[in-house]
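A.B. asks: okay, sequence plus prediction incoming.
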Amino acid sequence: MEAVEPTQKKALKIVREPKVYLVGRQELDREAIERFLADQGVSWSTDTEVGAEALAEMAGRACYMSYGKGRKTNREFLAHIIEVGHGSVLEHGVWNFLVTGVSRSFTHELIRHRHFSYSQLSQRYVDESESDFIEPDVIAGDPELHAVWCEAVNAARAAYDQLVAGLEKHFAGEPDKTLRRKLARQAARSVLPNATETKIFVTGNARALRHFIELRGSEHADVEIRKVAVEMLRILMRDSPALFGDYKLVELPDGTLVTHTDHPHV
């Protein structure tokens, strides 16, 4: 959802909620799996169609060469893995997400999760003069604080535009148009606030995602990053119930949601 605040020059576009897109999943190479099983003289089949779940099960069974033995369903096998905390097996299941409608404050916290891989919108190449901005709910809910926030963001936007224009004149002697714009934008971005909207591509394995969801889905986490953790969990509970079905969403007195599992720190 977006709210629009009028300014003298152009509308201030405010994003209220992040969006999380699951854009990639794993697929199995079934021929290679069959060659491995034949070479080892064992047989194995799994009842899941989710690539990450099947690969996590295959990896777990490789540790004990337990193909075709015990805990016949994928969910039973992975539930045992989670229960005993054999977390390294979960690292073989991977998902790819695109996250939008989030602030630079959010991504500064997100990238502290070093087991994820990232690709983020570049402020050196992308023109931020028409960017959206992320307003914290607690500020948006107070008219006086909201006015202060809008004034500060609009001042930063105006400064950015002025700096870009001045810097492009400064670098007018640079014949490469793309480089000239990059040089101007990379310096002008220094005045943009942490509230500037950004987009980030995130790849993570099941173990790293569980760690993120537990830490950032907590009631003690920053509100914005908690929203993303909750949305990621919603997606993963649907996409991979065997690896994330032990979680549940709990509503707090203020109506917001937090994540919970009886099997943390896997």
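C.D. replies: Nice, I can see it.
A.B. asks: so which residues of the stretch 1-150 of the chain form helices?
C.D. replies: Here the stretch 1-150 of the chain has its helices, by DSSP state H, counting those that start in this stretch, at 30-40, 51-64, 74-84, 104-110, 137-140, 143-170.
A.B. asks: now swap in the stretch 151-266 of the chain and tell me
C.D. replies: Taking DSSP H, counting those that start in this stretch to define them, one finds helices in the stretch 151-266 of the chain at 177-188, 206-216, 223-239, 241-244.
A.B. asks: out of these, which gets nearest to Gly68?
C.D. replies: Between Gly68 and the helices of the stretch 151-266 of the chain, the shortest gap by CB to CB is with helix 241-244, which sits at 18.5 Å. From N, CA and C alone the C-beta is placed, and that goes for glycine too.
A.B. asks: show me what that closest one packs onto, helices and strands only.
C.D. replies: helix 51-64, helix 74-84, helix 206-216, helix 223-239 (3 or more CB pairs under 8 Å, 6 or more residues apart in numbering; DSSP states H and E).
A.B. asks: buried deepest among those, which one?
C.D. replies: Of all these, helix 206-216 has the most neighbours on average by mean count of other CB atoms under 10 Å, namely a mean of 22.
A.B. asks: what's the spacing between it and its chain's center?
C.D. replies: Offset of helix 206-216 from its chain centre (CA atoms, centre = their mean, to the nearest Å): 11 Å.
A.B. asks: which residues does that helix contact?
C.D. replies: 52, 56, 87-88, 90-95, 109, 113, 115-116, 204, 221-222, 225-226, 228-229, 232-233, 236, 240, 243-244, 247, 259, 261, 264-266 (CB atoms under 8 Å, 6 or more residues apart in numbering).
A.B. asks: also stretch 155-163?
C.D. replies: 7, 9, 12, 128-129, 131, 184, 187-189, 191-193.
A.B. asks: follow-up on the earlier one: list buried residues within the contacts of helix 206-216.
C.D. replies: Burial by neighbour count, 16 or more other CB atoms under 10 Å: within the contacts of helix 206-216 this picks out 52, 56, 87, 90, 92-95, 113, 116, 204, 221, 225-226, 228-229, 232-233, 236, 240, 243-244, 247, 259, 261, 266.
A.B. asks: just to check, Tyr21 is in contact with Leu98?
C.D. replies: Yes - here Tyr21 reaches Leu98: they are 4.4 Å apart, a contact under CB atoms under 8 Å.
A.B. asks: which stretches of the stretch 1-150 of the chain have low pLDDT?
C.D. replies: For the stretch 1-150 of the chain, the stretches with pLDDT under 70 are 1-9.
A.B. asks: ok, 50 please
C.D. replies: Counting by pLDDT under 50, the ranges of the stretch 1-150 of the chain that qualify are 1-2, 4-8.
A.B. asks: related to what we said a few turns ago, would TSV of the helices and strands packed on helix 241-244 with distance to Pro175 be doable?
C.D. replies: Converted to TSV, the helices and strands packed on helix 241-244 look like this (distance: least, CB to CB, whole Å):
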stretch	distance to Pro175
helix 51-64	49
helix 74-84	59
helix 206-216	45
helix 223-239	42
